[in-house]
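# Turn this into a model:
(chains A and B)
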Amino acid sequence: GAVVSQHPSWVICKSGTSVKIECRSLDFQATTMFWYRQFPKQSLMLMATSNEGSKATYEQGVEKDKFLINHASLTLSTLTVTSAHPEDSSFYICSAREEDSTDTQYFGPGTRLTVL
Amino acid sequence: QKEVEQNSGPLSVPEGAIASLNCTYSDRVSQSFFWYRQYSGKSPELIMSIYSNGDKEDGRFTAQLNKASQYVSLLIRDSQPSDSATYLCAVKAPTGRRALTFGSGTRLQVQP
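Now for the predicted structure:
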């Protein structure tokens, strides 16, 4: 299957700082990537759809000014959590959609963010 | 009604038994269906995809799709303790949203 990487795998930061998470499709091009958040023992929550060369589409209730998404190339999308607070501590997972007829999404390994 | 529904479990089966995981979806025009496995603290991993009615087998896994009943299932034969995880059903509608719609997952426990 296709491989998606995320960096960093974990990060601890102080409240008020910004954190950037990278998502890369390693062996395929992805015009569309997705960002999810998952709190402990809860299901995946789609935050936004990242579109290469255009603005991201945010799900209802997700602040676009707090969660900045940039999809500058066909293999890279970044999520920046601005002015992070403890309630932003979560497991952030990206996925990339393979550009064929199957709509298959492949997930990155996730980034665990802890805000002190 | 949720778009994709799964029983949260836990579903407990003995080692070597068949585990049957079920999923129903509400959008009748959905065309693509996926099963992901998620271990605790890890991200989801694709197990199988299915697009047409019937069964699709891959090793110990069999996905079953019944579009008339809006039902998709995953069978795991010869269940192993390493199969213990949360299994997510995901559905893609043919138009509109590009994102998959995920069920909340069924937690499977395989007892040694």
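# What parts of chain B come near chain A?
B:32, B:34, B:36, B:41-46, B:49, B:51, B:88, B:90, B:92, B:97-100, B:102-105 (CB under 8 Å from any CB of the partner chain). For every residue, glycine as well, the C-beta is placed using N, CA and C.
# Is stretch A:29-43 in proximity to chain B?
Yes - using CB under 8 Å from any CB, stretch A:29-43 reaches chain B at A:32, A:34, A:43.
# Using TSV, lay out the residues you listed together with neighbour count.
Compiled in TSV, the residues of stretch A:29-43 next to chain B are given as follows (neighbours: other CB atoms under 10 Å in any protein chain shown):
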residue	neighbour count
A:Thr32	20
A:Phe34	26
A:Ser43	16
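# Can you tell me which of these is nearest A:Thr111?
Using CB to CB, A:Phe34 comes nearest to A:Thr111 of the residues of stretch A:29-43 next to chain B, at 14.0 Å.
# and the closest one, bridged to which residues?
A:Thr49, A:Ser95 (DSSP bridges).
# residues touching it, list them.
A:46, A:48-50, A:94-97, A:105, B:99 (CB atoms under 8 Å, 6 or more residues apart in numbering or on different chains).
# out of these, who's nearest A:Ser9?
In terms of CB to CB, no member of the contacts of A:Phe34 lies closer to A:Ser9 than A:Cys94, at 12.3 Å.
# Wait, the closest one touches A:Tyr106, no?
No - A:Cys94 is beyond contact range of A:Tyr106, at 9.7 Å (criterion: CB atoms under 8 Å).
# Show the buried residues in the residues of chain B next to chain A.
In the residues of chain B next to chain A, burial by neighbour count holds for B:32, B:34, B:36, B:43-46, B:49, B:51, B:88, B:90, B:92, B:98-100, B:102-105, counting by 16 or more other CB atoms under 10 Å in any protein chain shown.
# So which of those belong to helices?
Of those, none are assigned to helices by DSSP state H.
# Name the residues of chain A found near chain B, please.
A:1, A:32, A:34, A:43-44, A:46, A:49, A:91, A:93, A:97, A:102-110.
# so where is chain A shaky, pLDDT-wise?
Where chain A drops to pLDDT under 70, the residues are A:1, A:101.
# all strands of it, in order?
A:4-7, A:10-13, A:19-25, A:32-38, A:45-51, A:57-58, A:67-73, A:76-81, A:90-97, A:105-107, A:111-115 (DSSP state E).
# For these, state which one has the densest average packing.
Stretch with highest mean neighbour count among the strands of chain A: strand A:90-97 (a mean of 26; mean count of other CB atoms under 10 Å in any protein chain shown).
# who does that one touch, helix- and strand-wise?
Strand A:90-97 sits against strand A:4-7, strand A:19-25, strand A:32-38, strand A:76-81, strand A:105-107, strand A:111-115, with contacts defined as 3 or more CB pairs under 8 Å, 6 or more residues apart in numbering or on different chains; DSSP states H and E.
# Next up, the contacts around residue 75.
Assuming you mean chain A. Taking CB under 8 Å, 6+ apart, we find A:Thr75 in contact with A:24-26, A:29-30.
# you looked at the wrong chain, it should be chain B
B:18-21, B:61-64.
# does it count as helix, strand or coil?
strand (DSSP: H, G, I helix; E, B strand; the rest coil).
# Work out for me the element the spatially closest residue to it that is not a sequence neighbour sits within.
The spatial neighbour of B:Leu75 that comes closest, neighbours along the chain excluded (CB to CB, 6 or more residues apart in numbering or on different chains), is B:Thr62 at 4.4 Å. According to DSSP states H and E, B:Thr62 maps onto strand B:61-66.
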